[in-house]
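Chemist: Using only what follows, build the 3D model:
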Amino acid sequence: MNLRLALHPEVGAALAEHRPVVALETSVLAQGLPPPTNREAAQRIDAAVRRSGAVPAWVAVIEGVVRVGLEAAAFERLTGGEGVRKIARRDLPAAIAFGETGGTTVSATLHLCGRLGIAVFATGGIGGVHRGAATSHDISEDIAALGSTSAIVVCAGAKAILDLRATLEALESAGVMVVGFRTDEFPAFYSLESGLPLPRRVERPEEAARLLGAARALGIPSALVLAVPPPDPVPAAAVAAWLAAAEQDVAAQGVHGAALTPALLAALGRLSGGRLTAANVALLEQNAAVAAAVAGALAGA
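Modeler: Residues are numbered from 1 along each chain as shown. Here you go, the predicted structure:
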């Protein structure tokens, strides 16, 4: 069975001409943000990539076809909420085989980046080790994908709902290099402070591009996580209080598995009166701009 792939002409031309391209996941639009905020976020992210001189390559599965670069109709389908799945890497075969529609997570988008030769990917926060994973064994497939795909992933660290210390340990075990972008501390997604120092930082996009080039020359197959501090940070104590309340709400509903992260993010947005949702959109926009600058540095190398 051949992969059903639709590469948008703009993205295809940019790849063929070795111009900067930034891959963008769509689960954040389909499950991570509520409407109409998800549509506004898509516009802001897209514009940020273009302002920085790169081509946005939104990745999704629409009726079993992997689409890289989306038309307006696809955005409407993904942000409408009806019958739209959350598609991780492990879900890609079923989504393609059975003609499903869904937003791709970090793991799925990263895997497709590897297939297509897209070297830079922007997201909000990566998945990782959930709190209580010692008993639940809830660890995101993002860790495995990051350990097996050569690319630069620009993010604000890992999602705030996770065990950040355990996530960093899991990334180290997977051979994933985590580098701070103008910071010595692993960002806590919404917040600047996590208390977790990083072994290395870079100041310029060109330095991140050089790191990926060196890793590829050495044959290292894993990703480089470029951790960028959020532009509209929220105090960690406030986030912790909202998260504790959100975890109680979600536990009372019996939510688990793939539905857990979207449910927690929705509860956080509600409990914070929209403050965390606004912070999320701001960091998504900033990460997209940084990723475009890194992609430009790679293209010019």
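
Chemist: quick one: which helix or strand includes residue 214?
Modeler: Per DSSP states H and E: residue 214 is located in helix 205-217.

Chemist: residue ranges of the strands in the stretch 1-150 of the chain, please?
Modeler: Counting by DSSP state E, counting those that start in this stretch, the stretch 1-150 of the chain has strands at residues 5-7, 21-24, 55-62, 65-68, 85-87, 102-104, 120-122.

Chemist: Return the distance of the longest one from the chain's centre.
Modeler: If I follow you right, that is strand 55-62. Its chain's average C-alpha position is 13 Å from that of strand 55-62, according to CA atoms, centre = their mean, to the nearest Å.

Chemist: which parts of the helix holding residue 214 are buried?
Modeler: 205-209, 211-212, 215 (16 or more other CB atoms under 10 Å). Placement of C-beta: from N, CA and C, glycine included.

Chemist: So what are the sheet partners of the next helix or strand after it and their directions?
Modeler: Using DSSP H and E, the helix or strand that follows helix 205-217 in sequence is strand 224-227. Counting by DSSP bridges, the strands paired with strand 224-227 are strand 152-155 (parallel), strand 177-181 (parallel).

Chemist: Any buried residues in stretch 179-198, and which?
Modeler: When burial is assessed from 16+ other CB under 10 Å, stretch 179-198 yields the following buried residues: 179-181, 183, 185-192, 194, 196, 198.

Chemist: Now the terminal residues of that stretch, how far apart.
Modeler: This stretch, stretch 179-198, spans 7 Å end to end (CA to CA, to the nearest Å).

Chemist: can you list contacts of it?
Modeler: Under the criterion CB atoms under 8 Å, 6 or more residues apart in numbering, residues 124-125, 154, 156-160, 164-165, 168, 178, 200-203, 208, 211, 224-230, 233-236, 239, 276, 279-280, 283, 290 lie in contact with stretch 179-198.

Chemist: just the buried members of the residues you listed?
Modeler: Applying 16+ other CB under 10 Å to the contacts of stretch 179-198 flags 124-125, 154, 156-160, 164, 168, 178, 201-202, 208, 211, 224-230, 233-234, 236, 239, 276, 279-280, 283, 290 as buried.

Chemist: Would you enumerate the residues in contact with residue 23?
Modeler: Shown in contact with residue 23 (CB under 8 Å, 6+ apart): 57, 59, 68, 109-110, 112-113, 118, 120-122, 151.

Chemist: For these, give me CSV that also has distance to residue 17 and neighbour count.
Modeler: Putting these into CSV (distance: CB to CB, whole Å; neighbours: other CB atoms under 10 Å) gives the following:
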residue, distance to residue 17, neighbour count
57, 14, 29
59, 20, 27
68, 16, 25
109, 22, 33
110, 23, 29
112, 20, 25
113, 18, 27
118, 14, 23
120, 16, 32
121, 20, 29
122, 21, 31
151, 19, 23
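
Chemist: Tell me the one among those nearest to residue 96.
Modeler: Closest approach to residue 96 among the contacts of residue 23 (CB to CB): residue 112, at 11.1 Å.

Chemist: out of everything not next to it in sequence, what's closest to that closest one?
Modeler: Once flanking residues are discounted, residue 112 sits nearest to residue 59: 5.6 Å by CB to CB, 6 or more residues apart in numbering.

Chemist: partner residues bridging that neighbour?
Modeler: In this entry, residue 59 is beta-bridged to residue 68, by DSSP bridges.

Chemist: That one is in contact with residue 27, isn't it?
Modeler: No. Contact criterion CB atoms under 8 Å: residue 59 and residue 27 do not qualify, at 9.8 Å.

Chemist: avg pLDDT for stretch 45-58?
Modeler: Stretch 45-58 shows a mean pLDDT of 98.

Chemist: May I see the buried residues of it?
Modeler: Within stretch 45-58, the residues scored as buried using 16+ other CB under 10 Å are 45-46, 48-49, 52, 54-58.

Chemist: Next: stretch 245-258.
Modeler: Residues of stretch 245-258 classed as buried: 246-247, 249-250, 255, 258 (neighbour count, 16+ other CB under 10 Å).

Chemist: Below-threshold pLDDT in the stretch 1-150 of the chain: ranges please.
Modeler: 1-2 (pLDDT under 70).
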